[in-house]
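Engineer: how would this look folded up:
(chains A and B)
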Amino acid sequence: MHIQLIKLKGSGNTAKNGRQLLRLMNLIRLVEETIAVKYAEGKMRCPTHLSIGQEAIAAGVCLALNPTDQVFGTHRSHAHYLAKGGSLKAMLAEIYGKATGCCGGKGGSMHLIDLSVGFLGSTAIVGNSIPIAAGAALTNQILKNNKVVCVFFGDAAIEEGVFHEAVNFAVLRKLAVLFVCENNLYSVYSPLHVRQPSDRQIWQFAASYGMKTAHGDGNNAFEVYKMTKKALKHIRSGKGPYLLEFATYRWREHCGPDYDNTLGYRSVEEFNKWQARDPIVNLEFELNNSGILNSSVGRGMQKEIEKEVKLAFTFAEESPFPDAEKMNSNLFAD
Amino acid sequence: MSRSITFAQAVHEALDQAMKADERVICFGLGVPDPKGVFGTTLGLQTKYGKERVFDMPAAENGMLGIGVGAAITGLRPVMCHQRTDFFLLAMDQLVNSAAKWHYMFDGQASVPITIRLIVGRGWGQGPTHSQSMQAWFAHVPGLKIVMPATPADAKGLLLASIFDNNPVVFIEHRWLHNLEGDVPEDDFRIPLCKAQLLRKGTDLTIVSMSYMTIEALHATDFLISKNISCDVIDLRTVSPVDWHLIFNSVSKTRRLIVLDTDWSNVSISSEIVARVAMTMYSSLKTAPRRLALPDLPSPTSPALTKKYYPGAEDLVKTIAEMLNKKIDPSEIARQRSTPHDVPGTWFKGPF
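Structural biologist: Predicted coordinates for the structure are as follows:
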């Protein structure tokens, strides 16, 4: 269960990427830990799904994407949105139901959007955004704009018909889509083995569609980044879509701020094993080992993140609520 | 300039002109480029506009609607074609959770300019799963526009307007209208959505109708003139959102309302219209509003079993006579129908 350590070069792009990955993951972690702490205040009044423990996938994938590439997410997409560069203030304000939120209070935690950074939307029905991502890739193909669309989804989404429908079409039309499956072993409280045959791997059966696929350690940010780079090279050369399956683990409950190991649907032993594979601790260890990070740089980075997060929460809490009449706006486009 | 063409030709012309006017318009669906071209409505489009913009699709209604939504929110104007509404029911997730919500839940930052053509079957034994109309389902969902043209000119003008509307439009064509001929302008013209049309003017009663039932309404109204009964005939054109203004104005004049529907009666567009008129102008009504819709049963298949399933002009005449307390023999208008009850005319010889 140990993370396979990659020998890092202590300079150049590796150093830059390493620091960026760590910064992103620490930002996502602190934002969500703060949400968890403050959730009980009752001011964030919407279902909220935390990605704590899964940050390396969002960070590694999004760092590999171009700023102009497009991303779609799921009900659990704080990490994807932030990793793609989405406004932290607008996300928190949205969770607080404020007028300054990224959806003006209409979407909440499960519906995030920041068009300025290519985060085209997260939706809350399992598998729902997978064909939408393929549709965006169809537009890109017709407009010949060289953008890649990346869609994140969980291990349960591949049980939905639309996953198969979208992949089939993406392969048929050689669409530039990166499918990223975050396999965290659970759909709410239902373990993978009651939903899918234990001797079948997602990345293996997905390959039978005629698509290139690979699997990797979702708790190793550098591995995620490198595999994504490789996938993107394939996609950008016009060879069609690519699926990456990453193994990871959700630390907290499916929906809400708490730990839920007392429910008994998963073992404490399993949880402890995965927590020992904390993607952030492991990246820090790697970076320290290779001289990319030292404790004073690390502390400086963390201080900046703490400041940014504090400011964003203050912004969200102090922002005005939308006027009740706003519920009538934007039903139809002009 | 206008000339007489069929409803199906009008649909074809609208698609052709939309694709010519704007290269962001794409058209896809099962059978779109096949030799029959969705009852002739998509023939030749692929040759003219290329395989990238006009294409057949995998039998994956929900996924392909999601792909249409994804294309729409990123700048294309997709037109999807389904040869029967019944198959499209698989796509309710993408219709309800994506197409209808996207603009609202992201607070206007993106829109979904997609048009979904659905064709309603009837007769020749289309039966339980090839004849459902279902507009009440779609109309129930805020954020969708539901268009149901009745004439060839409307088919063209409303389809062009739907394609260039920035919202998801469910465009429902009744199979029995495809061969109907009428004058249609040659150029690109667009009929505003969400506006109904007054097709006949009268004083005794208001008939509100849609799609194929409007044709039955016109037969009945023209017959009733010979009995000194005149009716307003309002064709809804867009069945959701409804043009309430025209309906309320008409009913405040005639003080009697009957609503025709191609769908089941329970929880239908006709239920909604009767309810709102009753709630809004109860005191001006001279008699209880009525409706003619399908019985709340799946459509059977045998011609023997469908004889009483679909209401027509004769049922309308009979109901109007009751509402006006007049004695009219509906068999007189029934005798005008020269074709069997399960086909729209001699042109229709099945199979679908």
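Engineer: For the stretch 1-150 of chain A, which segments count as helices?
Structural biologist: Per DSSP state H, counting those that start in this stretch, the stretch 1-150 of chain A carries helices over the ranges A:12-38, A:55-64, A:78-83, A:88-95, A:129-143.
Engineer: Output the contacting helices and strands for the first one.
Structural biologist: If you count contacts as 3 or more C-beta pairs under 8 Å, 6 or more residues apart in numbering or on different chains; DSSP states H and E, helix A:12-38 packs onto helix A:55-64, helix A:78-83, helix A:88-95, helix A:221-234, helix A:279-289, helix A:295-318. The C-beta positions use only the backbone N, C-alpha and C, and glycine is treated the same way.
Engineer: Chain B is nearest to which of those helices?
Structural biologist: Chain B lies closest to helix A:88-95 among those, at 9.5 Å (C-beta to the nearest C-beta).
Engineer: relative to helix A:295-318, how tilted is the closest one?
Structural biologist: Relative orientation of helix A:88-95 versus helix A:295-318 (axes from the mean of the first three to the mean of the last three C-alpha atoms, to 10 degrees): 40 degrees.
Engineer: So which residues make contact with helix A:88-95?
Structural biologist: Outside helix A:88-95, the residues within contact range by C-beta atoms under 8 Å, 6 or more residues apart in numbering or on different chains are A:27, A:31, A:35, A:44, A:46, A:48, A:78, A:81-82, A:99-103, A:105, A:107-109, A:111-112, A:114, A:308-309, A:311-313, A:315-316, A:319.
Engineer: Can I have the buried ones of these as a ChimeraX selection?
Structural biologist: To isolate the buried members of those in ChimeraX, using 16 or more other C-beta atoms under 10 Å in any protein chain shown:
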select /A:27,31,35,44,48,78,81,82,100,101,102,103,105,107,108,109,111,112,114,309,312,313,315,316,319
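Engineer: my read is residue B:184 is in a strand, agree?
Structural biologist: Yes. Applying DSSP: H, G, I helix; E, B strand; the rest coil, one finds residue B:184 inside a strand.
Engineer: That one contacts residue B:152, doesn't it?
Structural biologist: Yes. Between residue B:184 and residue B:152 a contact is recorded at 4.9 Å, counting by C-beta atoms under 8 Å.
Engineer: shared neighbours of these two, which are they?
Structural biologist: B:5, B:9, B:10.
Engineer: The residue in the stretch 1-150 of chain A that chain B sits nearest to: how many residues sit nearby?
Structural biologist: Closest approach between the stretch 1-150 of chain A and chain B, counting by C-beta to the nearest C-beta: residue A:135, at 2.1 Å. Residues near residue A:135, counting by other C-beta atoms under 10 Å in any protein chain shown, number 34.
Engineer: That one and residue A:53: what is the separation?
Structural biologist: 31 Å (C-beta to C-beta, to the nearest Å).
Engineer: And the strands in the stretch 101-250 of chain A?
Structural biologist: For the stretch 101-250 of chain A, the strands defined by DSSP state E, counting those that start in this stretch cover A:119-122, A:149-154, A:177-183, A:186-187, A:190-191, A:212-217, A:242-247.
Engineer: Quick one: mean pLDDT for the fifth one?
Structural biologist: Strand A:190-191 carries an average pLDDT of 96.
Engineer: Listing partners with orientation, what would you give for that strand?
Structural biologist: Partner strands and pairing direction for strand A:190-191 (DSSP bridges) are strand A:186-187 (antiparallel).
Engineer: starting at the chain centroid, how far to the strand it pairs with?
Structural biologist: With C-alpha atoms, centre = their mean, to the nearest Å as the basis, strand A:186-187 stands 16 Å off its chain's centre.
Engineer: go on, stretch B:227-246?
Structural biologist: Worked out by C-alpha atoms, centre = their mean, stretch B:227-246 lies 14 Å from the chain centre.
Engineer: okay, how far is it across that stretch, tip to tip?
Structural biologist: 26 Å (C-alpha to C-alpha, to the nearest Å).
Engineer: can it be found next to chain A?
Structural biologist: No. Figure legend: stretch B:227-246 not in contact with chain A (C-beta under 8 Å from any C-beta of the partner chain); closest approach 8.5 Å.
Engineer: Nearest residue to the middle of the chain?
Structural biologist: The chain I'm using is chain A. In chain A, the C-alpha nearest the mean C-alpha coordinate belongs to residue A:80, at 3.2 Å (C-alpha atoms, centre = their mean).
Engineer: look at chain B instead
Structural biologist: Closest-to-mean residue, chain B, C-alpha atoms, centre = their mean: residue B:148 / 2.3 Å.
Engineer: any idea how far the residue nearest to it when sequence neighbours are not counted is from residue B:7?
Structural biologist: Nearest residue to residue B:148 in three dimensions, chain neighbours excluded: residue B:211, at 4.1 Å (C-beta to C-beta, 6 or more residues apart in numbering or on different chains). According to C-beta to C-beta, residue B:211 and residue B:7 sit 11 Å apart.
Engineer: One more: residue B:64?
Structural biologist: Residue B:64 is 25 Å from residue B:7, by C-beta to C-beta.
Engineer: One more: residue B:128?
Structural biologist: Residue B:128 is 25 Å from residue B:7, by C-beta to C-beta.
Engineer: neighbour count winner among these two?
Structural biologist: The neighbour count for residue B:128 versus residue B:7, taken as other C-beta under 10 Å, is higher for residue B:7 (28 against 12).
Engineer: pLDDT score assigned to the more buried one?
Structural biologist: Residue B:7 is given a pLDDT of 98.
Engineer: which residues touch it?
Structural biologist: B:149, B:151, B:152, B:155, B:173, B:177, B:178, B:179, B:180, B:181, B:182.
Engineer: before we move on, which element is residue B:232 in?
Structural biologist: Using DSSP states H and E, residue B:232 sits within strand B:231-235.
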